[in-house]
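**Student:** Sharing a model that was predicted from the sequence below.
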4 protein chains.
Amino acid sequence: MVDLVEFPLDPDAPLSSLVYAFGGAEAVAELKPGQVLSTATRDCFAGRVRTAADLPSQVCDLRYINPQTGPFHIAGAEPGDTLAVHFVSIEPSEPWGVSATFPFFGALTSSRDTATLQPPLDERVWVYDLDNQARLVHYQALDADLRLPLPMDPMHGTVGVAPAMGEVRNSLAPGAWGGNMDTPEMRAGATCYLGVNEPGALFSIGDGHARQGEGEACGVAVECSMNTVLVVDVIRGDYAPWPRLETNEYLITTGSTKPLEDAFRIALTEMVRWIESLLELTTMDAYQLVSQTALTPIANVCDTVYTVTCKVPKALLPQTSAYGGIHQALSSKAAAL
Amino acid sequence: MVDLVEFPLDPDAPLSSLVYAFGGAEAVAELKPGQVLSTATRDCFAGRVRTAADLPSQVCDLRYINPQTGPFHIAGAEPGDTLAVHFVSIEPSEPWGVSATFPFFGALTSSRDTATLQPPLDERVWVYDLDNQARLVHYQALDADLRLPLPMDPMHGTVGVAPAMGEVRNSLAPGAWGGNMDTPEMRAGATCYLGVNEPGALFSIGDGHARQGEGEACGVAVECSMNTVLVVDVIRGDYAPWPRLETNEYLITTGSTKPLEDAFRIALTEMVRWIESLLELTTMDAYQLVSQTALTPIANVCDTVYTVTCKVPKALLPQTSAYGGIHQALSSKAAAL
Amino acid sequence: MVDLVEFPLDPDAPLSSLVYAFGGAEAVAELKPGQVLSTATRDCFAGRVRTAADLPSQVCDLRYINPQTGPFHIAGAEPGDTLAVHFVSIEPSEPWGVSATFPFFGALTSSRDTATLQPPLDERVWVYDLDNQARLVHYQALDADLRLPLPMDPMHGTVGVAPAMGEVRNSLAPGAWGGNMDTPEMRAGATCYLGVNEPGALFSIGDGHARQGEGEACGVAVECSMNTVLVVDVIRGDYAPWPRLETNEYLITTGSTKPLEDAFRIALTEMVRWIESLLELTTMDAYQLVSQTALTPIANVCDTVYTVTCKVPKALLPQTSAYGGIHQALSSKAAAL
Amino acid sequence: MVDLVEFPLDPDAPLSSLVYAFGGAEAVAELKPGQVLSTATRDCFAGRVRTAADLPSQVCDLRYINPQTGPFHIAGAEPGDTLAVHFVSIEPSEPWGVSATFPFFGALTSSRDTATLQPPLDERVWVYDLDNQARLVHYQALDADLRLPLPMDPMHGTVGVAPAMGEVRNSLAPGAWGGNMDTPEMRAGATCYLGVNEPGALFSIGDGHARQGEGEACGVAVECSMNTVLVVDVIRGDYAPWPRLETNEYLITTGSTKPLEDAFRIALTEMVRWIESLLELTTMDAYQLVSQTALTPIANVCDTVYTVTCKVPKALLPQTSAYGGIHQALSSKAAAL
């Protein structure tokens, strides 16, 4: 018997009533550890960008970008704990998605921080047909007659909890609380671990991507609204300083800051500390093992700060159970739904 | 009939006679386009580090780190051309490899550039058993009773040509000339494209790794001597500003600089320009396509500057032939050996 | 006749009742444009560190670091305006100040973001005698018999308003809202311009330094409590995107982000835009003039992000009146007190 | 009696015969320690850019940018020593100088490393009248009727020796060997200390600036040819790992790398080590003293890597004699000329 909580979107909610930050908002609902949440998220433009003519800088109100579903209060989650969120399914809810360029946003343009005197790149919008059955998203060039099917790989760009120290951070920012990490690893089947900073954790999700390239170079993935099912649990008294993920294949750590080598340093030290603890190795032995086994895909180079992930294949390690085997337990629960 | 050039190592050559730089050295031999080179490389410590007691800072002369085999003068290669190097095979030539930490070297320590007042990490050496038959390298913890087999995945950390502007760059540095990029993509089956800066290109290789993690976090992979077979060819009048690679599965670009986000920017703009040219797309359409399809593993965060690679799966693109199909041609030649 | 508002510290206020952030707090008082505020600030350790034995990591609660005085609601200040704050006087209120090292904090150590596996530097505390009459602060070596008088140069490390987009940012962070910029230019006689994001601006100050070196390398200046007098005014409808300062000698812009070259880029583009507007020059002519006249001292390389200032001597420019001559007007008002 | 060596420019030397690198070139003359050298340098464009119509990308051959005068072989200078170069006078030799923007070069544009897809800024040339008598350089706006006299402050952007490890580095690059640091501190009256890597040091100078702003934002100062008089000396057995300077007022260290915070870290650790040694302090006491006394102007944010200087006022320190008082000795010799 599944303990399911349904939290559908209210299609009539005005944009000004939605949540665009981590921290600072009242919980919209309470979840108990072990409960399954079935919910939905708006796309990052809140549905305002639907055609090539809908230039984001014209149709969007910049205060209302990247709305989140939540925050959810997790019963019993206390500062110093870690929240475990297992994604059961993440499915596009409309047959279309969009990408775009936005003035002074993205990796291959000057930006607010990497300020130059050059004019912005052209602002353009690409509309993708999404085919959930065929698991494809269709790229269509704007200025040429080229159409390419790309594998659908749905994920959430934004997953997080209320930040530490009482901060309130806009949903465009990634950091130690999670937020806009934009890693394609945040797909169905993954368990995300987030250190709890406020009572109830105050967990939110948003920013669904039908797929994205690593680094999210132009700053905008194949953005779409999502139907998402997830299970939550709480790990008592063991605080994850930075978001971690676990899949059947990988242990994954993240670091989000600038410059990008510091994001790498965070993700790698996190992995060394995790391996050291799981395998009961000295720091130097763990450092060596991670150095020869890590995969280090970049997640984003476009948000307020940048994110690197470090992945170590579980198949290369002795059998271990991170956080008491919670990923396996939640995966089993998901399989039984 | 194969046009094979053998260039074996001279085991008696004094370390002071070897080449530790790109540029500034006389060619050791000439190769004609299409010729197959069978050669060998010393490990990065030139064989001085063989046991856990051989601390690199004690047994190595810092002037003689990372010796290269070469440079080879490629007949007819002129500035403005691009050299294509296809790796037919890269095989460890000894049943052992080593890794180590070195004071103030690596990603998870302060360093010469990221200077702090802290003392260095411990200097340690890990010896790996290499098993070419089983395709395994064996990690053995120093301070615990843990032994783990890891997949062998041989590659060259250092591949390059003489730099532009008459510069001579130490073999520890990566850059536009190639050099110490330390990307695991440089394995057998890959074709590496290098813009030619000096007549004859003056191509060298070294720094064999039986395997490495992405980012080469501790600064030292599973270092070993190699037997390597490769084929060279020359692409006339089309200069690759930064090293590129091609495999049967991927188009790959590289960028090497600091901070790491700039290395990302170089690799990604290179890929946008490549895709734009191959698919006859506008820059913005190519930017969009690369943004949704790129994989962006970090190669190194330990050398004098850092390297990012950008990989686009060829399966996602329309059929194209980069550089007139030279990768396919060289792969066929390799298959026929 | 001076319109003076006194807002003294409450010495009995518990630390948990103080404000440690920009944004998210209720105003403690209202000021009208043109009013003079006489107030005081606690040192960054809230008085907990007084002797060499008071190691900050032991005596401080990390939630209660860098308390701010404020926020003050400025009557009539609306989003899109700019707040002008002129510092009339900033005077140490006790005859002592302290500096310290703190584990993994400062420029010459690994840190939370520049994460390494090395142990922290020693945690030490230096107590300075402050002599307001002689305008000296006295350095005393801990491990040697060396005592050196250094010029007193009092300033506020932290000056800011509520951030944009509803964010709440800890008082250790600098950014577009001001905050912990740690520039020694924030001394008596300077006017600070801050773009208003929330009704009433919600202006706070704190983090008094009896002096600091540029860059604040060890992360902690000569920290002390302050008595401060300032005047506020509002510039309608002209939003400063990043904090600016004006003195009798200099126009000053700031940028706060990482990496440090981006902070430089922000400060310099801000100055180019300011000069372009003040002198009615084209962007390229302003870029040229700034390139040959700018002074670019680093403010901090220790906080959550780093700050660069760009200073152009007014003596090199034609006579201009930034923001309608508000600095001169406020300076005259200050002189008349 | 002065031991003077004259080394005038050969105005008829073809550009291809000049030296554009540190390392890799034969000495043009030998100097003995204590000898005075009277020489001259070409401007960075080798005289090709003289009017607003001389766009550098059109009139210059990129192989022949930033010619150096030298290298000079310093008798007796051996690896492990430090070369001291005291600048007696640096005087513009023509009544004009030029600045310019160059495509994808400078701090406020995307560049080769900070690669974006944006077009370059306009390429423009500004011609300055130089008045050695009045000590003024005259800025003239291109697009407006604004002319401003700015103080003449002549200096050399490029001063260096042959790099370590046998490298040859283009004269546009700064680094541990000196090179294109572009610090305005390199003016008459300063003594520059450079660690010797090759026998004879192989010292060169170039890139005269009639003045520059800190950071050299647009990438080009007020470039001019120079007549320069200097004295050299050798400090035996004490190797300066990064260039240092000394003036009557300041001890100065430099760091050149990217990101800019690493250049700061290098300069500051160098200063801590220098102060520690000069004042016989522990590292932590020196760290504290430097933290409260350092000035940290940025030198360049436009070259291949960026430079930060750290200056500590000698007036704040106990009387000390860096390098045995060599700066005072060379200053006295200069005064006697």
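**Tutor:** It's in.
**Student:** Quote the end-to-end distance of stretch A:18-31.
**Tutor:** 19 Å (C-alpha to C-alpha, to the nearest Å).
**Student:** got it, and stretch A:73-85?
**Tutor:** End to end - C-alpha to C-alpha - stretch A:73-85 spans 13 Å.
**Student:** quick check, it touching chain C?
**Tutor:** No - judged by C-beta under 8 Å from any C-beta of the partner chain, stretch A:73-85 makes no contact with chain C; its nearest approach is 10.6 Å. (Glycine included, C-beta is placed from N, CA and C.)
**Student:** A:D262 and chain D, how far apart?
**Tutor:** 9 Å (C-beta to the nearest C-beta, to the nearest Å).
**Student:** for the helix or strand encompassing that residue, which positions count as buried?
**Tutor:** A:D262 is part of helix A:260-279 when elements are defined by DSSP states H and E. Using 16 or more other C-beta atoms under 10 Å in any protein chain shown as the test for burial, helix A:260-279 gives A:260-276, A:278-279.
**Student:** do you know how far A:V231 is from chain B?
**Tutor:** The value you get for A:V231 to chain B, if C-beta to the nearest C-beta is used, is 29 Å.
**Student:** which parts of the stretch 201-337 of chain A sit against chain C?
**Tutor:** So the stretch 201-337 of chain A meets chain C at A:255, A:257-259, A:262, A:265-266, A:268-270, A:272, A:283, A:287, A:305 (C-beta under 8 Å from any C-beta).
**Student:** just those that are near chain B?
**Tutor:** Among those, chain B is touched by A:K258, A:P259, A:R265, A:L268, A:T269, A:V272, A:Y287 when using C-beta under 8 Å from any C-beta.
**Student:** And chain B, is stretch A:310-326 touching that?
**Tutor:** Yes - counting by C-beta under 8 Å from any C-beta, chain B has neighbours in stretch A:310-326: A:C310, A:L316, A:L317, A:P318.
**Student:** Using JSON lines, lay out the residues you listed together with secondary structure, neighbour count and distance to chain D.
**Tutor:** Shown next, in JSON lines, are the residues of stretch A:310-326 next to chain B (DSSP: H, G, I helix; E, B strand; the rest coil; neighbours: other C-beta atoms under 10 Å in any protein chain shown; distance: C-beta to the nearest C-beta, whole Å):
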{"residue": "A:C310", "secondary structure": "strand", "neighbour count": "32", "distance to chain D": "21"}
{"residue": "A:L316", "secondary structure": "helix", "neighbour count": "14", "distance to chain D": "33"}
{"residue": "A:L317", "secondary structure": "coil", "neighbour count": "16", "distance to chain D": "34"}
{"residue": "A:P318", "secondary structure": "coil", "neighbour count": "10", "distance to chain D": "38"}
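**Student:** Which one of the residues you listed is nearest to chain B?
**Tutor:** Nearest to chain B among the residues of stretch A:310-326 next to chain B: A:L316, at 5.9 Å, using C-beta to the nearest C-beta.
**Student:** Distance check, the nearest residue in space to that closest one that is not next to it in sequence against A:W126.
**Tutor:** Take A:L316 and drop its neighbours on the chain: the residue closest to it by C-beta to C-beta, 6 or more residues apart in numbering or on different chains is A:T293, 5.2 Å away. Separation of A:T293 from A:W126 (C-beta to C-beta, to the nearest Å): 37 Å.
**Student:** can you name the farthest residue from the center of chain A?
**Tutor:** A:D145 (33.0 Å; C-alpha atoms, centre = their mean).
**Student:** mind checking which helix or strand it is in?
**Tutor:** Using DSSP H and E, no helix or strand contains A:D145.
**Student:** So it versus B:P318, what's the distance?
**Tutor:** 11 Å.
**Student:** likewise A:L194?
**Tutor:** Distance from A:L194 to B:P318, by C-beta to C-beta: 41 Å.
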